[in-house]
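In: The following comprises the amino acid sequence and a computationally predicted model.
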Amino acid sequence: MKATRTVQRILANYEGETPGVKAKLHGMLMQGKLSGTGKMIILPVDQGFEHGPARSFAPNPAGYDPHYHYQLAIDAGLSAYAAPLGPLEAGADTFAGAIPTILKVNSANSLMSGTAGKNQAITASVDDALRIGASAIGFTIYPGSDCALDMFEEIVEMRKEAAAKGIATVIWSYPRGEAITKDGETAIDVAAYAAHIAALLGAHIIKIKLSTDHLMLPEAKKVYEEQNIAIAEQAERVKHCVDASFAGRRLVVFSGGAKKGTDSVYDDARAIRDGGGNGSIIGRNSFQRSREDALDMLQKLINIYKGKE
């Protein structure tokens, strides 16, 4: 499918990239009900690693089956489906070519001790992504962790290999660790910093959390106040994070977080849209609902991103 002018403009921002990477980005941007709009909704299902099976899937037991998530993403008309190696392999033949996939190549779990450094293990490879036909690899970094520099070095090498093989890179940039307070994990100065770090590391798509108006870093707080940077409203904070991502030259999507009421989900999407973000990467708020409810919610999100609601 030929790219729309909107998608052509987005792809033009990725100067110096291989044709393979641009083709993968084109495929995701032209997929599903948001095709050609420059907006994306991605279904991520990596929570089994992070939180365990019961916490992730017991609210909607159909979610224990990886095929359920493939089919949900396809039927909802989403842009891509992201998961670790096992779930993607479990449906790679059945759903080959039906929807772009993002292979999550590092993971952590909640069984580790609280004293362990905030880090993730490499759990899949670029060759795995090639083998199962994935459009991108996904990699989590923890800015603020004592292990952050090691994570940066890991993703730089994997991103280099992926680009050489025509595969895009999505970076989950989540401030967390020894240098970050709990409130700081979603503070706007830290969130914008995390988005910028992901862009600096070469992310083609940046995944971050929505932020609060809290400012954690004393030196940054002075600048925000002196320069009157607008951060009071969620849409303003989204815009600031997009600005931090090379002035919008990189795709920025925002995570949905823990399951919450649909009105909150819709308000988040409107703020992302109005702030110039590229969309949502929404997992638990999708698959922890019944299939019917999830499809209804995702359709409304699509309408919001199209400016219809």
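Out: Noted; the coordinates are in hand. Numbering: from 1, shown residues only.

In: count of residues packed around the nearest residue to Lys306 once chain neighbours are set aside?
Out: The shortest distance from Lys306 to any non-neighbouring residue, by Cβ to Cβ, 6 or more residues apart in numbering, is to Thr37 (6.5 Å). All C-beta atoms are positioned from the backbone trio N, CA, C, and that covers glycine. Counted with other Cβ atoms under 10 Å, residues neighbouring Thr37 total 20.

In: likewise Asp263?
Out: 8.

In: what about the closest residue to Arg250 other than its chain neighbours, how many neighbours?
Out: Leaving out its chain neighbours, the residue that sits closest to Arg250 by Cβ to Cβ, 6+ apart is Ala199, at 5.1 Å. A count of nearby residues for Ala199, using other Cβ under 10 Å, gives 20.

In: same deal with Gln8?
Out: A count of nearby residues for Gln8, using other Cβ under 10 Å, gives 13.

In: For the stretch 101-250 of the chain, which segments count as strands?
Out: Ranges of strands in the stretch 101-250 of the chain, per DSSP state E, counting those that start in this stretch, are 101-104, 106-107, 121-122, 136-141, 168-173, 205-208.

In: Quick check: which ranges of the stretch 1-150 of the chain have low pLDDT?
Out: The stretch 1-150 of the chain contains no residues with pLDDT under 70.

In: hmm, back to that, nearest to Leu88 among the strands of the stretch 101-250 of the chain would be which one?
Out: Closest approach to Leu88 among those (Cβ to Cβ): strand 101-104, 5.6 Å.

In: Return the set of buried residues in the closest one.
Out: Burial within strand 101-104, assessed by neighbour count using 16 or more other Cβ atoms under 10 Å, is assigned to Thr101, Ile102, Leu103, Lys104.

In: Please apply the same query to stretch 200-215.
Out: Within stretch 200-215, the residues that count as buried by 16+ other Cβ under 10 Å are 201-215.

In: per-residue confidence for Ser245?
Out: We have a pLDDT of 98 for Ser245.

In: Would you confirm that it contacts Ile197?
Out: No: in this structure, Ser245 is not within contact of Ile197 by Cβ atoms under 8 Å, at 10.1 Å.

In: re the thing from before, out of the buried residues of strand 101-104, who's nearest Asn13?
Out: Nearest to Asn13 among those is Ile102, at 19.5 Å by Cβ to Cβ.
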